[in-house]
Structures are given as C-alpha cells and as structure tokens.
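Q: for reference, the sequence and a predicted model appear below.
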Amino acid sequence: MAQVPFDSRSAQRVAVACPVIFGGAPFVGEGALRNLSRTGCSIACNRIMLTGSYIRLAMLLPDTRGSVLVEWGKVRWAHGKDCGVEFLCAPTLADQPVDHMTWERLTNRLSSIGPSLV
C-alpha cells in the first residue's frame, strides 16, 4: 500500500504574515495569517481556538481593495494559539466571489513579496 505524504494538500500554500480578524459565537479575535491557500489558512492568534468551531474571517491582504472575507470557515486543528481553518465557502473581495484567476494572481503576488506583516 502506497503511503500518502504527511504534508499532502489539495491546494498550494503561500507563506504570508498579514493581519486577520475572525469571529464566531460567542467570540471575536485577531491574529496573523501564517500561510494561505485557496482552501484554507493557518493563523497565529490572540486566543485559544477550539477544533470544530465555525468562524468568519476578514483577511487584510496587501494589494487588495479591502478585506478578503470568508463567511464560513471551520477550525480543523488547534495547538495553543495557532490554528488551521478550512474555508467552507469561497472567499470574497469587495462583495464579489474571488474566482480562480484572481486567487492565482493574489497568491502569486503574495509569494513574490514574501511573508511580511502589512
């Protein structure tokens, strides 16, 4: 039986360090994105998150006309104040869904500037 690599992902991740604000019932928090992909992100935050929590995120990415919003995400793992979030709906920018081409341009731009807190 073939082994699946531990770090097998469905989408390419980009290392970033951008502010993020998130909330769920009954909490609000903030932190910094550590990495980002089309299907999720990891966050270093100011609170301990519970695996299985549902949250809404606003990511303050460089070179965007406002926040990139994810209306529905699920905390898939949590270790201390770090957590991984799966996006359960498509991110939006300026109230428009972020299509595949826009997402590729955005992540390519993030890759080129490297991880630096905005």
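A: Thanks, I have the structure now.
Q: kindly state the beta-bridge partners for the residue nearest to the spatial centre of the chain.
A: The structure's the chain has its C-alpha centroid closest to Cys41; by CA atoms, centre = their mean the separation is 3.1 Å. The partner list for Cys41 in beta bridges (DSSP bridges) reads Leu36, Val85.
Q: give the contact list for it.
A: Residues near Cys41 by CB atoms under 8 Å, 6 or more residues apart in numbering: 20, 33-35, 57, 59, 84-85, 87. Where C-beta positions appear, they are placed from N, C-alpha and C, glycine not excepted.
Q: at 7 Å what do you get?
A: Cys41 makes contact with 33, 35, 85, according to CB atoms under 7 Å, 6 or more residues apart in numbering.
Q: what does Ala90 give?
A: Counted by CB under 7 Å, 6+ apart, Ala90 has contacts 97-98.
Q: sec struct for it, please.
A: Taken by DSSP: H, G, I helix; E, B strand; the rest coil, the conformation at Ala90 corresponds to coil.
Q: now it, what are its backbone angles?
A: Main-chain dihedrals, Ala90, degrees, to the nearest 10: phi -70, psi 140.
Q: right, and Leu36 touches Val14 too?
A: Yes - contact between Leu36 and Val14 holds when scored by CB atoms under 7 Å: they sit 5.3 Å apart.
Q: more crowded one of the two?
A: Taking neighbours as other CB atoms under 10 Å, Leu36 and Val14 compare with Leu36 leading, 27 against 20.
Q: just to revisit the earlier point, what sits in contact with each of Leu36 and Val14?
A: Common contact partners of Leu36 and Val14 (CB under 7 Å, 6+ apart): 107, 110.
Q: noted, bye for now.
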